[in-house]
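> Sequence below, structure please.
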Amino acid sequence: MEKKFDIIGMENGILDLALQIDRIPETDSHTRLSNYLWQPGGNASNAIAAAARQGAKCSFMGAVGDDSLGEFVRGDWAYHGVDTSHLMTKPGDTVLSVCLAEHETQGRSFLVRHSELDPDLAPEDLDEAFIASARYLHLSVWSGKQAKDAVLLARKNGVIVSVDGGGYLGDAAWLLENCDIMIMSFMFYRELFDAADEDYVGNMQKLIEKYGLDTCVVTLGSRGCAGANKKGATFVLPPFSGYDVIDTTGAGDVYHGGFVFAHSQGWDLEYCARYASAVSYIKCTTLGGRVGIPSRKVVEQFLKDGTIDHTEAEERRDHYAGVMRFR
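Presented below is the predicted three-dimensional model:
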């Protein structure tokens, strides 16, 4: 079957309100709000936005609510050039996440509004021909009730399955057993191995041998990343430095998008990881999960000479600031 899309993502829509603060205040006190931006978010969602910005042909399946937040999320996919033919609008609320980026600690915290009316896909919403039209299916452990069915359809049709192992919960164990590419957080890692066990490469190799994975990677935040693949290639990479880190929200998400894009190009394992790390690092130099996601041109310039051209990010910041403005 001819592949219409490079990567299809799966997740329900989320809208982020990104707040840049000095630090989270104590009860009955206050702190300074330096900046704020409204922009869509989500683990698989940000990954697809990142892959699309590298030049991948992307689509998305999931659902948004029939509220104004859902309209915002849907419109943002068009802004990023992502196909939304299988993004559904269902009665209910779109998830809202308040993302707190602390300047003093460089940490991030989240306040999430869930609802019993949160939309989700039903079994009949899954289109096998659509899933089969992609080279890759990317989803996370939070990708919704029909994630298992989507993975089974992907595997049936020879689609490479990539999973964001952000946390070991829900169907994480099943997804680990049924994916090709697993990129896990340290939170996921410590559920499988002793947190003090720093043999990251060796442990990734163990998972490859146990589950038949093609590629297994652990992201370690300020300590870099490490991984291996079934061909015997391995890597350990330190983090990039030189620019101020403004907000790490979505850092892992866009790493995954950068990695899957790089993998789709047939690049060697270590370069895939370096490329993904650069996408993530550059994103972290601006507020929010999407504003700072760089294009392939910006990433390649950074990998060549260590400089970041923020021109595109500034244009996107102005775009988002204008999309939802209070007067």
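> Going by C-alpha atoms from here, please, whenever you check contacts or count neighbours.
OK.
> Checking my notes, V236 in a strand, right?
Yes - assessed by DSSP: H, G, I helix; E, B strand; the rest coil, V236 belongs to a strand.
> who's in contact with it?
V201, G224, C225, A226, G227 (Cα atoms under 8 Å, 6 or more residues apart in numbering).
> Ranking by neighbours, what's the top pick from those residues?
G227 (26 neighbours; other Cα atoms under 10 Å).
> Now do the closest residue to R290 other than its chain neighbours: how many residues are near it, please.
In space, and not counting its chain neighbours, R290 is closest to N46: 6.7 Å by Cα to Cα, 6 or more residues apart in numbering. Number of residues near N46 (other Cα under 10 Å) recorded here: 24.
> N46 contacts V254, doesn't it?
Yes - with contact defined as Cα atoms under 8 Å, N46 reaches V254; the gap is 5.8 Å.
> The residue nearest to R290 is in what secondary structure piece?
helix 43-54 (DSSP states H and E).
> Return the list of helices and strands in contact with that helix.
strand 5-10, strand 58-65, strand 134-140, helix 251-264 (3 or more Cα pairs under 8 Å, 6 or more residues apart in numbering; DSSP states H and E).
> where does A173 fall, phi/psi-wise?
phi -60, psi -40 (degrees, to the nearest 10).
> quick one: the strands in the stretch 51-200 of the chain?
58-65, 83-90, 95-102, 108-113, 134-140, 160-165, 181-184 (DSSP state E, counting those that start in this stretch).
> Relative to L15, which of these is closest?
Among the strands of the stretch 51-200 of the chain, strand 95-102 comes nearest to L15, with 5.0 Å by Cα to Cα.
> Contacts for the closest one next, please.
So strand 95-102 is contacted by 13-24, 107-115, 118, 246-249, 287-288 (Cα under 8 Å, 6+ apart).
> Each with direction, which strands does that strand pair with?
strand 14-21 (parallel), strand 108-113 (antiparallel) (DSSP bridges).
> CA atoms of that strand as PDB?
Coordinates of each C-alpha in strand 95-102 appear next as PDB, following Å, rounded to 0.1, in the frame of the first residue of the first chain:
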ATOM      1  CA  VAL A  95      -8.600  19.100  28.400                       C
ATOM      2  CA  LEU A  96      -7.000  22.200  29.800                       C
ATOM      3  CA  SER A  97      -3.500  22.200  31.300                       C
ATOM      4  CA  VAL A  98      -1.900  25.100  33.100                       C
ATOM      5  CA  CYS A  99       1.900  24.700  32.700                       C
ATOM      6  CA  LEU A 100       4.000  26.500  35.300                       C
ATOM      7  CA  ALA A 101       7.600  27.100  34.200                       C
ATOM      8  CA  GLU A 102       9.800  28.200  37.200                       C
END
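> tell me the angle it makes with strand 58-65.
Calculated by axes from the mean of the first three to the mean of the last three Cα atoms, to 10 degrees, strand 95-102 forms an angle of 110 degrees with strand 58-65.
> In strand 95-102, which residues are buried?
The neighbour-count check on strand 95-102 (16 or more other Cα atoms under 10 Å) flags V95, L96, S97, V98, C99, L100, A101, E102 as buried.
> Out of those, which is nearest to D309?
A101 (22.3 Å).
> returning to what we had before: for the contacts of V236, work out which two are farthest apart.
Maximum distance among the contacts of V236 (Cα to Cα): 12.6 Å, for V201 and G224.
> In this structure V279 contacts P294, no?
Yes - A contact is recorded between V279 and P294 when judged using Cα under 8 Å, the distance being 6.2 Å.
> Need the residues touching each of those two.
A50.
> the more surrounded of the two?
Each of V279 and P294 has its neighbours counted (other Cα under 10 Å); V279 has more, 32 against 28.
> picking up where we left off before, packed most tightly, which of the strands paired with strand 95-102 would that be?
Highest mean neighbour count among the strands paired with strand 95-102 (mean count of other Cα atoms under 10 Å): strand 14-21, with a mean of 22.
> Centroid-nearest residue for this structure?
Per Cα atoms, centre = their mean, the C-alpha nearest to the average position across the chain is that of D253, at 2.1 Å.
> surely it meets N46?
Yes - D253 lies in contact with N46 (Cα under 8 Å); the separation is 5.6 Å.
> Wait, I183 touches T219, no?
Yes - using Cα under 8 Å, I183 is in contact with T219, at 7.2 Å.
> First-to-last residue distance for stretch 107-121?
33 Å (Cα to Cα, to the nearest Å).
> how about low-confidence regions in this structure?
1, 115-119, 324-327 (pLDDT under 70).
> one more time with 80
Scanning the chain for pLDDT under 80 picks out the ranges 1-2, 106-108, 115-120, 142-145, 170, 322-327.
> contacting residues for V82?
Neighbour list for V82: A49, A52, K57, C58, S59, F60 [criterion: Cα under 8 Å, 6+ apart].
> do A276 as well
Going by Cα under 8 Å, 6+ apart, the list of residues near A276 reads V254, Y255, H256, G257, G258, F259, A262.
> which phi and psi does it have?
Here A276 shows phi and psi, under degrees, to the nearest 10, equal to phi -60, psi -40.
> how far away is it from N35?
In terms of Cα to Cα, A276 sits 27 Å off from N35.
> just E314 next, same as before
14 Å.
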